[in-house]
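Asker: The following block contains a protein sequence and its predicted model.
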Amino acid sequence: MTGEITIIGLGPGRPELITRQAWEVLEGCERIWVRTMQHPALPSLQEELALEIHSFDQLYEQSESFEQVYASIVENILQMAEASDRVVYAVPGDPMVGEATVPALLDEAVQRGISVNLAHGISFIEPSLRLAKKYAPDGLFVCDALDLAEGHHPPFPPDTPALIGQLYSRLTASNVKLTLLNQYPAAHPVSLIHRAGTADETIEAIALEDLDRRAEYSAMTSLLVPALDHLSAFERFQETVAHLRAPEGCPWDREQTHQSLRSHIMEEAYETLHAIDDDDMEALCEELGDLLLQIVLQAQIATEAGAFTMAEVIAGIQEKLIRRHPHVFGDWDVEDVDQVLHNWETLKERERFEDGSDKGLLDGVPVNLPALAQSGEIQDRVVRVGFDWPAIERVLEKVHEELAEVAEAEDEEQVAAEVGDLLFAVVNYARWLGVDAETALRGANQRFRSRFVSIERAARAQGSKLSELSLEQMEDLWQAAKKDQ
């Protein structure tokens, strides 16, 4: 072993909150290093114990990011430990709660053969909860504001309360707010806690949308985010589904299999599409829930059979998304969407080669897709590797060519084949126009249904049956229906 590091927690603020263990360490040394001098207890320690206190505050001015600051602090402490018998490093709160330098120190010290001792302190959690008059319920999530600010979605479920420490600045608060708004409503009540554990501690209740509109932020500002008042966590939903499948659950749910639920998945997917086509957000919210139920049910059945778990499902798609987006999570550069799609197919081709798979580019196109959607997916995939017409004029020529071949077909089998080729060409033309053929045809179907219903209603209003009207009369009603829409 070479050298020794002792890390002590200074507690949240007042000197009397420093633990006896930490105080005894401080009494037994002449010099300590602190991450920052911005801690209320340090003046008292200098006066009462005649401590020589050195800080790393200058690194905050010299470095471009907090990550660089923390890395520099860790390296400085390690080098001092290697050059001397003992280094005492003091941090706010408790060393193991919200202190980014400590985990790095512990990991690197092991690699360098340096021993590390810890003297624990009271963290910011205890006085913050006392100030908020909250008990620490099961599942309280604690995180650092800087980590949350760098994300895009909170790493904790919405029906678990969260305590977010070190809300340094208005900019940090703004970024934290944006991340939280991806899960919570703007009016969600939160509490800003200032200087918890000191003589001038305060707490203020605000709406989440006002988080970055306050006057005060510091390293001693934290944020308490209460749980949503309704069950909304994915894990709780999994519990509900697992309960339905349990022996004491629902007889119908217990009897379901992967195969018996096939039609339900298809039905819910189409109902979701219908809500999207109608631009009905309330219906879409409900239908996405119904579709999610089918996914979680399938995963629960697989879990019970020992095939795979939902965690494996999520881990698989998570890894795949990161692997296939090197322009987002790696160092690839892309210029436009076409290059993204080309890279996607290139990566898939490489994966197939590395896995020794004999599958081709089109093997992943679901055979159960509706024909128009399947045709569009096939064409989208081959285009990504450059298999396409050079110009839209050639595509339109192909449509006319296929239409002529339908007219020239001599028997039913040939007619069917040529009509299929015509539809394939039309789907390709729609793609060139930037139109999804499946969506376009669903829209046309819906318009036809709506207009035909109008014809039926108009006929009844005239006291006539639709079958009694002439084609000319129905055409007049059709044109009137078109004008009304």
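Answerer: Structure's in. What do you need?

Asker: what bits of this protein have low per-residue confidence?
Answerer: The chain contains residues with pLDDT under 70 at 1, 355-358, 485.

Asker: Outline the domain layout of it.
Answerer: Following automatic domain parsing, one finds the domains of the chain at 4-121, 126-225, 234-323, 438-484.

Asker: These into CSV, with extra columns for mean neighbour count and distance to Trp389?
Answerer: To be clear about C-beta, it is placed using only N, CA and C from the backbone, and glycine gets the same treatment. Formatted as CSV, those follow (neighbours: other CB atoms under 10 Å; distance: least, CB to CB, whole Å):
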stretch, mean neighbour count, distance to Trp389
domain 4-121, 18, 49
domain 126-225, 18, 39
domain 234-323, 14, 29
domain 438-484, 13, 20
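
Asker: would you list these in JSON lines and tack on distance to Ala409?
Answerer: Listed next are these as JSON lines, based on distance: least, CB to CB, whole Å:
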{"stretch": "domain 4-121", "distance to Ala409": "68"}
{"stretch": "domain 126-225", "distance to Ala409": "55"}
{"stretch": "domain 234-323", "distance to Ala409": "33"}
{"stretch": "domain 438-484", "distance to Ala409": "23"}
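
Asker: Among those domains, which comes closest to Gly376?
Answerer: Closest to Gly376 of the domains of the chain, according to CB to CB: domain 438-484, at 6.3 Å.

Asker: Just the endpoints, please. Distance across the closest one?
Answerer: With CA to CA, to the nearest Å as the measure, domain 438-484 spans 25 Å from end to end.

Asker: Could you measure from Val365 over to Leu78?
Answerer: 55 Å (CB to CB, to the nearest Å).

Asker: what do you get for Arg130?
Answerer: From Arg130 to Leu78 the distance is 36 Å (CB to CB).

Asker: Make sure I have this right: Gly98 is in a strand.
Answerer: No - under DSSP: H, G, I helix; E, B strand; the rest coil, Gly98 sits outside any strand and is assigned coil.

Asker: Next, the contact list for it, please.
Answerer: 123-124, 142-144, 165-166 (CB atoms under 8 Å, 6 or more residues apart in numbering).

Asker: And for Thr36?
Answerer: Thr36 touches 55-57, 60, 92, 219, counting by CB under 8 Å, 6+ apart.

Asker: now Ile276
Answerer: Contact analysis of Ile276 by CB under 8 Å, 6+ apart lists Leu284.

Asker: now swap in Ala187 and tell me
Answerer: Contacts of Ala187 by CB under 8 Å, 6+ apart are 207-209.

Asker: swap the cut-off to 7 Å and go again
Answerer: 207, 209 (CB atoms under 7 Å, 6 or more residues apart in numbering).

Asker: Next up, identify which helix or strand the spatially most central residue of the chain is on.
Answerer: Most central in the chain under CA atoms, centre = their mean is His153, positioned 5.2 Å from the mean C-alpha point. Of the helices and strands defined by DSSP states H and E, none includes His153.

Asker: So what does it have for phi and psi?
Answerer: The phi and psi values for His153, taken as degrees, to the nearest 10, are phi -150, psi 140.

Asker: Quick check: Pro127 vs Gly9, distance?
Answerer: From Pro127 to Gly9 the distance is 13 Å (CB to CB).

Asker: Next: Asp363.
Answerer: 57 Å.

Asker: next one: Arg447
Answerer: From Arg447 to Gly9 the distance is 69 Å (CB to CB).

Asker: Likewise for Glu268?
Answerer: Glu268 is 52 Å from Gly9, by CB to CB.

Asker: just curious, which of the contacts of Gly98 is nearest to Glu377?
Answerer: Nearest to Glu377 among those, with distances taken as CB to CB, is Cys143, at 40.4 Å.

Asker: host element of the closest one?
Answerer: Using DSSP H and E, Cys143 falls in strand 141-144.

Asker: mind checking how far the closest residue to Glu30 other than its chain neighbours is from Thr198?
Answerer: Leaving aside its chain neighbours, Glu30 sits nearest to Glu52 (5.9 Å; criterion: CB to CB, 6 or more residues apart in numbering). Glu52 is 24 Å from Thr198, where distance means CB to CB.

Asker: where do the helices sit along the stretch 1-150 of the chain?
Answerer: 20-27, 42-49, 57-62, 66-83, 101-112, 125-131, 145-149 (DSSP state H, counting those that start in this stretch).

Asker: Just put the contacts of Thr36 in JSON lines and tack on distance to Ala246.
Answerer: JSON lines is the format used below for the contacts of Thr36 (distance: CB to CB, whole Å):
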{"residue": "Ser55", "distance to Ala246": "57"}
{"residue": "Phe56", "distance to Ala246": "54"}
{"residue": "Asp57", "distance to Ala246": "57"}
{"residue": "Tyr60", "distance to Ala246": "54"}
{"residue": "Pro92", "distance to Ala246": "46"}
{"residue": "Ala219", "distance to Ala246": "47"}
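
Asker: of all those, which two lie farthest apart?
Answerer: Applying CB to CB across the contacts of Thr36, the maximum distance is between Tyr60 and Pro92, 14.3 Å.

Asker: returning to that earlier point: would you mind giving the helices of the stretch 1-150 of the chain as JSON lines with distance to Leu273 added?
Answerer: Shown next, in JSON lines, are those (distance: least, CB to CB, whole Å):
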{"stretch": "helix 20-27", "distance to Leu273": "61"}
{"stretch": "helix 42-49", "distance to Leu273": "62"}
{"stretch": "helix 57-62", "distance to Leu273": "53"}
{"stretch": "helix 66-83", "distance to Leu273": "44"}
{"stretch": "helix 101-112", "distance to Leu273": "47"}
{"stretch": "helix 125-131", "distance to Leu273": "47"}
{"stretch": "helix 145-149", "distance to Leu273": "35"}
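
Asker: Quick one: closest of these to Leu469.
Answerer: helix 145-149 (66.4 Å).

Asker: tell me what the closest one is packed against?
Answerer: Helix 145-149 is packed against strand 162-165, helix 170-180, with contacts defined by 3 or more CB pairs under 7 Å, 6 or more residues apart in numbering; DSSP states H and E.
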